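Trainee: Turn this into a model:
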Amino acid sequence: MPDKRQHLKEQFLQGNLLPYPNIPWHQLIQQREKSQSLRRLLKEVLLEQHQNLPHNTIAQQQIALLENPKTFTITTGQQPILFGGPLFVWYKALQAIGLSQMLKKLFPDYHFIPIFWIASEDHDADEIRTVWIDYTTAIRYPNVFENAPVGFHRLTKAIIALTPSFLKAFWQPGKLWSQAFAETLAYYLGSQGLLLLDASHPKLKQAFKNIMQQVLDPYYCQQVYEESKRLKAKGLPIQVRTRLIPLFYIDNDQGRVPIYFEEGYYYINGQRYSKERIQHLLSCEPDRFSPNVVLRTVYQEFLLPNIAYIGGWAEVAYWLQLRSFFQALNIPYPAIIPRQQYLLFPTSLAQQWQQLGLPLNAIQEPLSNLCKIFATIKVPDIENRLEVYQKMFQHLEQFYDGFKLDNFFKESLKGHWRSILRVLKRLEKKSYKAICRKYVWEWQQIKKILYQVQPPGAIQERTWSLLSLEKYHIPLSNFFDTIRRFALEDALYREHIVAL
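Mentor: Next up is the predicted model:
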């Protein structure tokens, strides 16, 4: 993790950036009770979008609760990635379910519903059309998106040969990409009360058009710039760099194109618009306008009675940049909860790893540290060598002290010892490598397991997918039950290594 990201993590978990872990839940609930949310419209759209999704009966019960002013949402989200995407997508959703249930226990008079926001208007085709089986093998859907919102794409026959058998019911030719993604998540998590919202719906855009017209004034995005400067001065990462207009325009021919502002005019595909003209266009066709990553957060909080958002550290970083933006628009700002992190260890590999004498958490160590750990297991006394040498030097000092020699000699002795110590430290490192070479078969087994579970520099949860679980014979039911159990025990940020 880069230094700035590590600094962000440390500062956030210490509660120096936002209230965490002592989150003022009651205050957030009261804030949302007083603010208006579009509950009836939300209910109507969700009922429509869940009509053909798995576990529809449970979804209807959850949706019905949204009309109750004592119902609030816990939200997470992602682009609709092929076959449900990397495992971190599932971790987000399961944590939202866990946090909803945790809050219900804390506040039994209220209802909390987990919602997964499907960013169907995203146009990052390379990320969305790719899913990995392991660190070297990927499945890629043909790049036919042409900068258009990916959720609007209808699957072609190319999907047939790519889809694993356990997902064929959802990923079929002719189906909308976002619908296939929603069906996948609903099938596995809908029974736990998770709702899915695709906010590209025209009625939702219509409700949001006044805010979209408001942010045509560059003043609002200027607040993001100013907040970003303050964060940068504190050594924190700047995750998003927005344009002055936080909107895209969805063009029939060019796809999702940015809107630029220069010298009082707005530009779409090189065509110039006055403020009055673009406001008229937005008023007549709000569904043609698409919030960027900055405005998407406001869109979400405008539509939902939301009190918390769960996201990875990159998302935490950009939410911090948006506090002044939310204040300027008078939109309630939710609690930000870092996504839990998991490292899965297939049972067969975990058993081999432990038979080699290594604890499971050693899998996260750099290769050089791992060699040291293995060497000290094989030759337990090797780690104490420097301590032995230090005692030898102390005896030497005591020996010469008996002669009452001058300070020049004493300083010379210490200088020579420092030189010797540097050599001994280099030899110690070399000795670890020599021991790993001596036990070469076992060391090669360790590296083989490491490169399957999480190679140096890689992040398993951003690579592995449901297809990876199938490869390593991890039952999906076991995976979901285990992660759900961890999320229910503690729904705030935690790091887990799990043998499955």
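
Trainee: Please count neighbours and contacts with C-alpha atoms only from this point.
Mentor: Noted.

Trainee: Give me the below-cutoff pLDDT ranges for this structure.
Mentor: Low-confidence segments of the chain (pLDDT under 70): 1-2, 383-386.

Trainee: For the protein, which segments count as strands?
Mentor: 71-78, 111-118, 130-132, 138-140, 195-198, 247-251, 255-262, 265-268, 271-273, 289-291, 306-311, 335-338, 341-345, 495-499 (DSSP state E).

Trainee: tell me which strands and helices the third one is in contact with?
Mentor: Right, the one you point to is strand 130-132. strand 138-140 (3 or more Cα pairs under 8 Å, 6 or more residues apart in numbering; DSSP states H and E).

Trainee: what's the spacing between the strand it packs on and its chain's center?
Mentor: Computed by Cα atoms, centre = their mean, to the nearest Å, the separation of strand 138-140 from the middle of its chain amounts to 21 Å.

Trainee: do the same with stretch 167-184
Mentor: 23 Å.

Trainee: Quick one: residues contacting Gln454.
Mentor: Contacts for Gln454 (Cα atoms under 8 Å, 6 or more residues apart in numbering) come out as Ile363, Gln364, Gln460.

Trainee: Next, the contact list for the first one, please.
Mentor: Right, the one you point to is Ile363. Ile363 is in contact with Leu370, Leu450, Gln454, counting by Cα under 8 Å, 6+ apart.

Trainee: Filter the residues you listed down to the ones in helices?
Mentor: Residues of the contacts of Ile363 located in helices (DSSP state H): Leu370, Leu450.

Trainee: still on that earlier bit, point out the most buried one among the strands of the chain.
Mentor: Burial of these is given as mean neighbour count (mean count of other Cα atoms under 10 Å); strand 306-311 ranks first at a mean of 26.

Trainee: Who are the packing partners of that one?
Mentor: If you count contacts as 3+ Cα pairs under 8 Å, 6+ apart, strand 306-311 packs onto helix 25-34, strand 71-78, helix 87-106, strand 335-338.

Trainee: Just the buried residues of the longest helix anywhere in the chain, please?
Mentor: Counting by DSSP H, the longest helix found in the chain is helix 407-438. Buried residues in helix 407-438, defined by neighbour count with 16 or more other Cα atoms under 10 Å: Leu421, Glu428, Tyr432, Lys433, Ile435, Cys436.

Trainee: Please name every helix or strand in contact with that helix.
Mentor: On a contact count with 3+ Cα pairs under 8 Å, 6+ apart, helix 407-438 meets helix 367-378, helix 385-401.

Trainee: Pull out the buried residues from the last one.
Mentor: In other words, helix 385-401. Buried positions in helix 385-401, judged by neighbour count with 16+ other Cα under 10 Å: Phe393.

Trainee: what do you get for the shortest one?
Mentor: Of the residues in helix 367-378, those buried by neighbour count under the rule 16+ other Cα under 10 Å are Leu370, Cys371, Lys372, Ile373, Phe374, Ala375, Thr376, Lys378.

Trainee: export that helix as CSV, just CAs?
Mentor: Only the C-alpha atoms of helix 367-378 are listed here, as CSV (Å, rounded to 0.1, in the frame of the first residue of the first chain):
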residue,chain,number,x,y,z
LEU,A,367,9.2,-12.8,0.2
SER,A,368,12.3,-11.7,2.1
ASN,A,369,10.5,-11.8,5.4
LEU,A,370,8.9,-15.1,4.5
CYS,A,371,12.4,-16.5,3.9
LYS,A,372,13.5,-15.3,7.4
ILE,A,373,10.4,-16.8,9.1
PHE,A,374,11.0,-20.1,7.4
ALA,A,375,14.8,-20.0,8.2
THR,A,376,14.1,-19.4,11.9
ILE,A,377,11.7,-22.3,11.9
LYS,A,378,14.4,-24.6,10.5
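
Trainee: residue contacts, the closest residue to Ser465 other than its chain neighbours?
Mentor: Nearest non-adjacent residue to Ser465, counting by Cα to Cα, 6 or more residues apart in numbering: Pro86, 4.4 Å away. Applying Cα under 8 Å, 6+ apart, we find Pro86 in contact with Val131, Trp132, Glu461, Arg462, Thr463, Trp464, Ser465, Leu466.

Trainee: Save the residues you listed as CSV, and put in distance to Gln341 too.
Mentor: Below are these laid out as CSV (distance: Cα to Cα, whole Å):
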residue, distance to Gln341
Val131, 19
Trp132, 18
Glu461, 8
Arg462, 10
Thr463, 13
Trp464, 13
Ser465, 14
Leu466, 16
